[in-house]
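*Asks:* Only the shape, not the letters, is given here:
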């Protein structure tokens, strides 16, 4: 049995409880077994936290670990298989940023998830959507006005194509994605920012089609549905269909917010996505159309987040990393705090609530019986949440008690 004692820490346990100084935690075989243990075996390895701040491993409920935006010429010139090797770096950057669990919202296949589970590569624990259902001409359709396709992720044997129109096509495509190993079904319910042929306000799948997706995923297979949903009408239809989480939620109305509260629907705001697109447009190769739409939605996105938080909607941290640089994920907490959240609530949104959104009952908190994912930082994030955004401030990262980063 492996044992690890982390002593002399200031503990933020992820549940919303107040910070506890002069605390120790005992980990056995990758699981927390005691907080402030009374009896400690001499065989335990020891980390002296020296008063530093220990938090649960962070959870990002919206990433794309298999890709990262790049200029078009570079994307076209990159050999297909190169992308698989590059994604190993994306996974490591995510871990180094302090994110130990992710929900991949399109692109990572079962092989990628299994390679991490089996220890072939270092990376966060994963739930995968595999693909993302889209109508023809919708946010997930890679066809441009020129007739040239530039896919976000190129389909391959582990990644079924994602276009489906009409109730029966949608039913079959959902089944194909589940067959490929999806833990969650992703649907593009509205237009988006990055695609040239639609707009975030555009409604795409019909209510009937959305209901079939939920039926096949949740009612038949016990799998939740997450929806890229930005325009108000599309979001409303997602709620009426019983979809589990609304991704982005740019144009929320008071009626939508009230329904989300009543139904317990999660909001994954991804505030970092449009801002990063604007800041790094040239470096990432963002199109003029994508840049224009990112600027257009920015303030509405912030306003909707503020209203949802104030009203008490369940908010889970998610970033859309992959649309911008992996490893910058925890800047999302700074943005949430800038726009009204308390630092503690931002941490809880990235731990306890994010785990609940993903239906995980053994991560996201430093608590007896939970998997021992943790990060150690030098300064108090409750006083300055922005310290978490710098990867160099994340001194130690552990996943299930295994130290994957240590730069103390």
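*Replies:* Done, it's in. If you're wondering where the values come from, they're calculated on a predicted model, not measured in any experiment.
*Asks:* And for residue 105, nearest residue in space, chain neighbours not counted?
*Replies:* residue 62 (4.9 Å; C-beta to C-beta, 6 or more residues apart in numbering). Just so you know, the C-beta spots here come from the backbone N, C-alpha and C atoms, and that holds for glycine as well.
*Asks:* Can you report phi and psi for the closest residue in space to residue 323 that isn't next to it in sequence?
*Replies:* Among residues not flanking residue 323 along the chain, residue 273 sits closest, at 5.4 Å (C-beta to C-beta, 6+ apart). The phi and psi values for residue 273, taken as degrees, to the nearest 10, are phi -60, psi -60.
*Asks:* Next, give phi and psi for the closest residue to residue 28 other than its chain neighbours.
*Replies:* Nearest residue to residue 28 in three dimensions, chain neighbours excluded: residue 3, at 5.2 Å (C-beta to C-beta, 6+ apart). Reported as degrees, to the nearest 10, the phi and psi values for residue 3 are phi -130, psi 140.
*Asks:* Residue 3 and residue 289, how far apart?
*Replies:* Using C-beta to C-beta, to the nearest Å, residue 3 is found at 56 Å from residue 289.
*Asks:* With residue 181 instead?
*Replies:* From residue 181 to residue 289 the distance is 33 Å (C-beta to C-beta).
*Asks:* Same question for residue 213.
*Replies:* From residue 213 to residue 289 the distance is 28 Å (C-beta to C-beta).
*Asks:* again with residue 405
*Replies:* Taking C-beta to C-beta, one finds residue 405 at 38 Å from residue 289.
*Asks:* Of those two, give the one with the bigger neighbour count.
*Replies:* residue 405 (20 against 14; other C-beta atoms under 10 Å).
*Asks:* just to revisit the earlier point, was I right to think the residue nearest to residue 28 contacts residue 44?
*Replies:* Yes - taking C-beta atoms under 8 Å as the definition, residue 3 is a contact partner of residue 44 at 3.8 Å.
*Asks:* Identify the contacts common to the two.
*Replies:* residue 26 (C-beta atoms under 8 Å, 6 or more residues apart in numbering).
*Asks:* Run through the bridge partners of residue 406.
*Replies:* Listed by DSSP bridges, the beta-bridge partners for residue 406 are residue 396.
*Asks:* scratch that, residue 101
*Replies:* residue 59, residue 125.
*Asks:* do you know how far residue 375 is from residue 407?
*Replies:* Taking C-beta to C-beta, one finds residue 375 at 12 Å from residue 407.
*Asks:* Also residue 61?
*Replies:* Applying C-beta to C-beta to residue 61 and residue 407 gives a distance of 26 Å.
*Asks:* Comparing the two, which residue is more hemmed in?
*Replies:* residue 61 (28 against 12).
*Asks:* State the three-state secondary structure for that one.
*Replies:* Three-state call for residue 61 (DSSP: H, G, I helix; E, B strand; the rest coil): strand.
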